[in-house]
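In: no letters, just coordinates:
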């Protein structure tokens, strides 16, 4: 009895360890990559999962690759299983007359009819076994997790089949997530929000598009206020759902590490069908899409979030899609100059399942036993073809990865910061003033932007603060914002405040703790030596400050931080002024806080530490105010 209890206790202890033996155990130190998928019914997905097996009925290299991607290694599933089902289905359709069973109904009662009914029953059992075989052969990812709203099907967990319109269906998320997993060595979370029958002009209307304009019929009706109230409802629901997940990421992905954080890695939009039926909806699609992308990036504080637009392709061919005003609007939005290099459109017609369409057009009802193997729905849902949705998800992933690579490659050579990153500026009153127009923080952001690097600032400067106070508020003012970078400017008040200041040993301890905690959270650090206390290096305060700055230089080397030696820059800058120039306020307004020239000096020092060249900064300085 005791042994049995002990065994159970051991098992209870070990199971969590076993659970971490997959990707979660290998992904330490890597940011969770969050991708949002949104749209209407074709983002919902209406493909029965077993129709994915039609990938086997293709000689295309791409389809063979996808079959290997979506089905488990060692699966018994093969092309032979599919062909056998299709051949049996053709025979059953011929004998029964299809879904209506009209041929059976016309038969007189007797042994022949009974035998045929028994044959149909056995075929149905064989079909159900095949369907379950296909579903059980599909991959369940340990790298990719998903939180999904697909109309009424709301589920979360490891990515697998069942995140489409019901627990037996898929949309593009399955192929998208598995394909990205082959490209990214990091934990991935998909947040999918999708509702059928919704337009971007009304339901998903983004805020910057302005209020929805009622048509004459709506104005004349008795539901004016209700229509106005529900405009943009799905935009709001989408963001509410996404933000709810972002607040509790560990719940949705076991590999999420709060110390490392997450990255809003990309957005996929697949929608458009319901904007086809009104001039106002069609004609405004391009501008609505542009507003939507900008508002999404603003909502999630990611200025150049990679964005993929799935182009409506229910017309099946390029010629047909070229004539569709919504499809054209989607393409044109992706080509907007302000989105160069970070938005791309993907043609869904190229993934269309033409074989399934042939069965459908041949009379799906009379060929029902064959049809249910290859399709699940009407043409406006891309026939509910699993082959189509895996192909499309893969195409979305390839486009997304291209944007991610482009984002990295587009960063100018030698510059440490990349577009989309967040920079926290931690410091005292000099840094607090740095967030004002013309302040050094703003000038650094401007210089990076001039190089095509869009960043998001976290301003964390507070007047009078010393190293002990900055350490105390590090989590609240910096780390909880999950920055990619932190610049640290600290030391002036530790010395200047005399008895209320911080002695050198305590300063070293505090600064080291700040750096260690930031780096443990995955934040890259730049240390700034303290600027002078009055513009005379020989005074007692600056002599006392010298070992504080020497420590900063040594710590930067030890902890592999970037270093902006602003104290050295300030001393060099003061020597450039004519000997007969007024002393005391050449780089400062009061001996400590920077004037315009001082802010430029600091900005150049920080920007150069990030990797910008003098030539690049000279160009930026022409526009600095």
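Out: Everything's here; your move. Since the model is a prediction, treat every value here as computed from it, not as a measurement. Residues are numbered from 1 along each chain as shown.

In: now the host helix or strand of residue 552, how far from the chain's geometric center?
Out: In the assignment (DSSP states H and E), residue 552 maps to helix 540-559. Distance of helix 540-559 from its chain centroid, counting by CA atoms, centre = their mean, to the nearest Å, is 40 Å.

In: could you do stretch 82-96 as well?
Out: Distance of stretch 82-96 from its chain centroid, counting by CA atoms, centre = their mean, is 44 Å.

In: list of residues touching that stretch?
Out: With CB atoms under 8 Å, 6 or more residues apart in numbering as the test, stretch 82-96 has contacts from 53-54, 56-57, 102-104, 116, 119-120, 123, 126-127, 130, 366-370, 372-373. The C-beta positions use only the backbone N, C-alpha and C, and glycine is treated the same way.

In: would you write a ChimeraX line that selects the buried entries of these?
Out: Remark: buried members of the contacts of stretch 82-96, expressed as a ChimeraX selection using 16 or more other CB atoms under 10 Å:
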select :53,54,56,57,116,120,123,127,130,366,367,368,369,370,372,373
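
In: need the contact list for residue 589.
Out: With contact set as CB under 8 Å, 6+ apart, residue 589 has these partners: 595, 598.

In: kindly apply the preceding question to residue 599 instead.
Out: Counted by CB under 8 Å, 6+ apart, residue 599 has contacts 434, 438, 439, 440, 443.

In: what helix or strand is it located in?
Out: Short version, using DSSP H and E: residue 599 is in helix 596-610.

In: okay, angle between that helix and helix 540-559 too, please.
Out: Here helix 596-610 runs at 20 degrees with respect to helix 540-559, directions being taken by axes from the mean of the first three to the mean of the last three CA atoms, to 10 degrees.

In: where is the longest helix in this structure?
Out: Scanning the chain for the longest helix, with DSSP state H as the assignment, gives helix 111-137.

In: past that helix, which element shows up next along the chain?
Out: With DSSP H and E, the next secondary element past helix 111-137 is strand 144-150.

In: ok, that next one: who's next to it in the sheet?
Out: Take DSSP bridges as the rule and strand 144-150 pairs in its sheet with strand 153-158 (antiparallel), strand 188-194 (parallel).

In: ok so, going back, in the longest helix of the chain, what's buried?
Out: Residues of helix 111-137 classed as buried: 116, 120, 123, 127, 130, 131, 134, 135, 137 (neighbour count, 16+ other CB under 10 Å).

In: inside helices: which ones of the contacts of residue 599?
Out: Those of these lying in helices (DSSP H): 434, 440, 443.

In: look up how far residue 608 lies from the second one.
Out: Right, residue 440. Going from residue 440 to residue 608 by CB to CB, to the nearest Å gives 12 Å.

In: do the same with the first one
Out: Distance check for residue 434 against residue 608: by CB to CB, it reads 16 Å.

In: the more surrounded of the two?
Out: Just comparing residue 434 and residue 608: by other CB atoms under 10 Å the higher neighbour count belongs to residue 434, 26 against 18.

In: quick one: residues contacting that one.
Out: 425, 427, 440, 441, 442, 459, 461, 594, 599, 602.

In: swap in 10 Å and give it another go.
Out: Residues near residue 434 by CB atoms under 10 Å, 6 or more residues apart in numbering: 425, 427, 440-444, 457, 459, 461, 487, 489, 594, 599, 602-603, 606.

In: likewise for residue 459?
Out: Contacts here follow CB under 10 Å, 6+ apart; on that basis residue 459 touches 423-427, 431-432, 434-436, 439, 441-442, 477.

In: helix, strand or coil for it?
Out: At residue 459 the chain is in strand, as set by DSSP: H, G, I helix; E, B strand; the rest coil.

In: does residue 356 touch residue 54 like I think?
Out: Yes. Taking CB atoms under 10 Å as the definition, residue 356 is a contact partner of residue 54 at 7.1 Å.

In: what touches both of these two?
Out: With CB under 10 Å, 6+ apart, residue 356 and residue 54 have common neighbours 373, 374, 375, 385, 386, 387, 388.

In: same list (the contacts of residue 459) but as JSON lines, adding distance to residue 546 and pLDDT.
Out: Conversion of these to JSON lines gives the following (distance: CB to CB, whole Å; pLDDT from 0 to 100):
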{"residue": "423", "distance to residue 546": "28", "pLDDT": "97"}
{"residue": "424", "distance to residue 546": "27", "pLDDT": "97"}
{"residue": "425", "distance to residue 546": "24", "pLDDT": "98"}
{"residue": "426", "distance to residue 546": "22", "pLDDT": "98"}
{"residue": "427", "distance to residue 546": "19", "pLDDT": "97"}
{"residue": "431", "distance to residue 546": "21", "pLDDT": "96"}
{"residue": "432", "distance to residue 546": "25", "pLDDT": "96"}
{"residue": "434", "distance to residue 546": "23", "pLDDT": "95"}
{"residue": "435", "distance to residue 546": "28", "pLDDT": "95"}
{"residue": "436", "distance to residue 546": "29", "pLDDT": "95"}
{"residue": "439", "distance to residue 546": "26", "pLDDT": "95"}
{"residue": "441", "distance to residue 546": "25", "pLDDT": "97"}
{"residue": "442", "distance to residue 546": "29", "pLDDT": "95"}
{"residue": "477", "distance to residue 546": "28", "pLDDT": "97"}
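
In: quick check on these: which are buried?
Out: With burial judged by 16+ other CB under 10 Å, the buried subset of the contacts of residue 459 is 423-427, 431-432, 434-435, 439, 441-442, 477.

In: report the two of those separated the most.
Out: 442 and 477 (18.3 Å; CB to CB).

In: okay, the residue in the chain sticking out farthest from the centre: pLDDT?
Out: What lies farthest from the middle of the chain is residue 110; by CA atoms, centre = their mean that is 62.9 Å. Listed pLDDT for residue 110 reads 89.
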